[in-house]
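Undergrad: The sequence and its predicted three-dimensional model are supplied below.
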Amino acid sequence: MESLVEATSGAVGSLVSTTILYPLDTCKTKYQAENRAHHHKKYRNISDVLWEAISTRQVLSLYQGLGTKNFQSFISQFIYFYGYSFLKRLYLRESGAKSIGTRANLIIAAAAGACTVIVTQPLDTASSKMQTSDFGKSKGLQKSLSESTWSELFDGLGISLLLTANPSIQYTAFDQLKQRMLKKKNRENSGDVTAPEALSAFSAFVLGAVSKCIATCVTYPAIRCKVVIQSAESDENNNDNARLRSRKTVSGALYAIWEKEGLLGFFKGLQAQILKTVLSSALLLMIKEKITKSTWILMLALRRFMFVTRTRLKSS
């Protein structure tokens, strides 16, 4: 029940934050995906992507792929939070420890993240292709999946598995900071029966922002490579299939970025990534913290209703 509550509240929080920030995400992804020499660049900064949408009267295209992204986001966060909560409780039960340490937390978060990536990678690839398509020319989910081979659907899987370190770092940092903050508040309110059991919305927002900022800065070169790999077909206008296949590998993406953009190319779009992911994660964790109690009540009511219904059916 606890794992299910964590998964549900995390998935709902992800759905809301993804929808609110999706236009920024589209601009960021199109900017990151561009891999050309400086004098051939279409986008000099992320605002150029927004201006292109406005000038071509394709503002609504900033939402292309939103349904797929929301579907992928909901499923991935549900699986992640369910696995993360379940593995934490399993570890505490088997080890007999009262609290979980940083090292164990990192391993558990990475394991939950790896399971999530393997299940949702095709949706992630399809979403990236939709976002990086020309405005107004994005294909639907069914067509994107049907026109791709199995290997293409799992483009960037290796680097996605590597990037499980990102949420591992983020949620470990968040949990550790959260525990310290709650312990401090409980000490200050030791004589108060209403001592806080959960973070305030503002505290959750700040801790979510700080933890995601740390994780994003550490893993950003891999994030840029992943976008380049998944959008390789969208950005190549020539018929050099060998070159295209090369860019769909980690080493090929690394070489393409280094060749055309130099060392700073690995950090292209970092500011936009931080802005989007920090706001998204902060909103997700804030919403998750605030709806967890409500989710508990709904789950208990649903379980009671199912129990009563099953009892009546047996008696009849």
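TA: Yep, that arrived. Numbering: from 1, shown residues only.
Undergrad: show me where the protein has strands.
TA: In order along the chain, the chain carries no strands (DSSP state E).
Undergrad: Show me the shaky parts of it.
TA: For the chain, the stretches flagged by pLDDT under 70 are 1-7, 37-40, 190-198, 232-248, 292-297, 299, 316.
Undergrad: longest helix of it?
TA: Secondary structure assigned by DSSP state H gives helix 270-315 as the longest helix of the chain.
Undergrad: Tell me the helices and strands packed up against it.
TA: Applying 3 or more C-beta pairs under 8 Å, 6 or more residues apart in numbering; DSSP states H and E, one finds that helix 270-315 makes contact with helix 2-20, helix 22-33, helix 201-230. Glycine gets a C-beta too; all of them are placed from N, C-alpha and C.
Undergrad: Could you find the closest non-adjacent residue to residue 179?
TA: Counting by C-beta to C-beta, 6 or more residues apart in numbering, the nearest residue to residue 179 once its immediate chain neighbours are dropped is residue 99, at 7.5 Å.
Undergrad: now residue 110
TA: What sits nearest to residue 110 in space, not counting adjacent residues and going by C-beta to C-beta, 6+ apart, is residue 168, at 4.6 Å.
Undergrad: surely the one you found meets residue 113?
TA: Yes - under the contact definition of C-beta atoms under 8 Å, residue 168 touches residue 113, with a separation of 6.0 Å.
Undergrad: quick one: the nearest residue to residue 83 once chain neighbours are set aside from residue 118, how far?
TA: Take residue 83 and drop its neighbours on the chain: the residue closest to it by C-beta to C-beta, 6+ apart is residue 112, 3.6 Å away. Distance check for residue 112 against residue 118: by C-beta to C-beta, to the nearest Å, it reads 11 Å.
Undergrad: which one of those two has more residues nearby?
TA: Between residue 112 and residue 118, counting by other C-beta atoms under 10 Å, residue 112 is the more crowded of the two (24 against 13).
Undergrad: Does that one touch residue 90 like I think?
TA: No - here residue 112 lies out of contact with residue 90, judged by C-beta under 8 Å, at a distance of 11.4 Å.
Undergrad: re the thing from before, how near is the residue nearest to residue 83 to residue 121?
TA: 15 Å.
Undergrad: about what we covered before: tell me the angle of the longest helix of the chain relative to helix 201-230?
TA: Our comparison of helix 270-315 with helix 201-230, counting by axes from the mean of the first three to the mean of the last three C-alpha atoms, to 10 degrees, yields an angle of 110 degrees.
Undergrad: Enumerate every residue touching the closest residue to residue 28 other than its chain neighbours.
TA: Leaving aside its chain neighbours, residue 28 sits nearest to residue 272 (4.3 Å; criterion: C-beta to C-beta, 6+ apart). By C-beta atoms under 8 Å, 6 or more residues apart in numbering, the residues touching residue 272 are 24, 27, 28, 31, 32, 46.
Undergrad: Out of those, which comes closest to residue 251?
TA: Here the nearest of the contacts of residue 272 to residue 251, counting by C-beta to C-beta, is residue 32; it sits at 18.7 Å.
Undergrad: For residue 228, see how far away that closest one is.
TA: The span separating residue 32 from residue 228 equals 8 Å under the rule C-beta to C-beta.
Undergrad: Next: residue 42.
TA: Counting by C-beta to C-beta, the gap between residue 42 and residue 228 amounts to 15 Å.
Undergrad: out of those two, which sits in the busier spot?
TA: Relative neighbour count places residue 228 above the other of residue 42 and residue 228, with 27 against 12, counting by other C-beta under 10 Å.
Undergrad: Spatially central residue in the protein, please.
TA: Using C-alpha atoms, centre = their mean, the residue of the chain that lies closest to the mean C-alpha position is residue 73, 6.7 Å off.
Undergrad: Help me confirm that that one comes into contact with residue 18.
TA: Yes - if you go by C-beta under 8 Å, residue 73 and residue 18 touch, sitting 4.5 Å apart.
Undergrad: overlap in contacts of the two?
TA: Here residue 73 and residue 18 have no joint contacts, going by C-beta under 8 Å, 6+ apart.
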